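Peer 1: Dropping a prediction and its sequence here:
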Amino acid sequence: MKLILSGGGSGKDVKELYFAFAKIIDKSKPLLYIPIAIDNLKHPYSECLSWLKENFYKMGIKKYEVVTEDNIRTYAKKNVSNFGGVYIGGGNTPYLLKKLKESGMWKFLKKALKEDIPIYGESAGAVIFSKSIKPALNFDKNWVELNKFNGMNLLNGYFLFCHFEESKEERIREIILKQNLAPSILLRETNGLIIEGKKIRTIGKENVFILDESGNKKLILDQYPLKS
């Protein structure tokens, strides 16, 4: 399993994460881009693809294919080995989870991870790999009326909050304690996690923290063995 989870930043803020992803994907094959969580009325998929290319083309990734609502079921049936990697963009987390599961793309992603196809998850695209997307429901409208929130649970039972900054800490602590969302990992827009097999390590410019069942904030050291 090769998985990189980002707190939601882009460009220079997460350049280290981009390089780590570009280093491990098979550049002879297309990068599969899944931007469906974003509001495509405000951000058309063509613009999203241009943005992705701006970040990765100079790193040697020249081939791209884009998953949309119109073709997602077709892509869900494709062989995962056709692709050098998968990039899942941010946006509305409940919508993303619902679309992935109902289309069959959820199973595609699981198979990709099993076959060591690298996946990069940004913001909502990262939260879906944690225990549950419940943390995101405090920030994203659940207009699709999703009622099952389980993620892939690839973080040893941890929940995940993205876009963390100190100004949000007290609110997040309240959410965690009231909604029983501990332990939770707090990712900034400048850092993330790399999961390879059973090893989890931090990456990025700033420290990664967790909040435990008592609301205590703890630093995650590089390659710290996460335990629930």
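Peer 2: Cool, the structure landed.
Peer 1: May I see the buried residues of the helix or strand bottoming out on mean pLDDT in the chain?
Peer 2: Here the helix or strand of the chain ranked lowest by mean pLDDT, DSSP states H and E is strand 217-220, holding a mean of 87. Buried residues in strand 217-220, counted by 16 or more other CB atoms under 10 Å: I220. C-betas here are computed from N, CA, C, even on glycine.
Peer 1: Over to F161: give its phi and psi.
Peer 2: Backbone torsions for F161, taken as degrees, to the nearest 10, come to phi -110, psi 130.
Peer 1: repeat for M59
Peer 2: Per-residue torsions, M59: phi -90, psi 10 (degrees, to the nearest 10).
Peer 1: if I pick it, what's in contact with it?
Peer 2: Residues near M59 by CB atoms under 8 Å, 6 or more residues apart in numbering: 18-19, 22.
Peer 1: Same check on K114?
Peer 2: By CB under 8 Å, 6+ apart, the residues touching K114 are M1.
Peer 1: do you know how far it is from L154?
Peer 2: Going from K114 to L154 by CB to CB, to the nearest Å gives 12 Å.
Peer 1: what do those two both touch?
Peer 2: Joint contacts of K114 and L154 (CB under 8 Å, 6+ apart) are M1.
Peer 1: Start from the N-terminal end of the chain and give the strands.
Peer 2: 2-6, 31-34, 64-66, 85-88, 119-122, 159-161, 184-186, 191-196, 199-204, 208-211, 217-220 (DSSP state E).
Peer 1: and those as TSV, adding distance to I172?
Peer 2: Output for the strands of the chain, formatted as TSV (distance: least, CB to CB, whole Å):
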stretch	distance to I172
strand 2-6	17
strand 31-34	27
strand 64-66	33
strand 85-88	23
strand 119-122	19
strand 159-161	6
strand 184-186	7
strand 191-196	16
strand 199-204	18
strand 208-211	7
strand 217-220	10
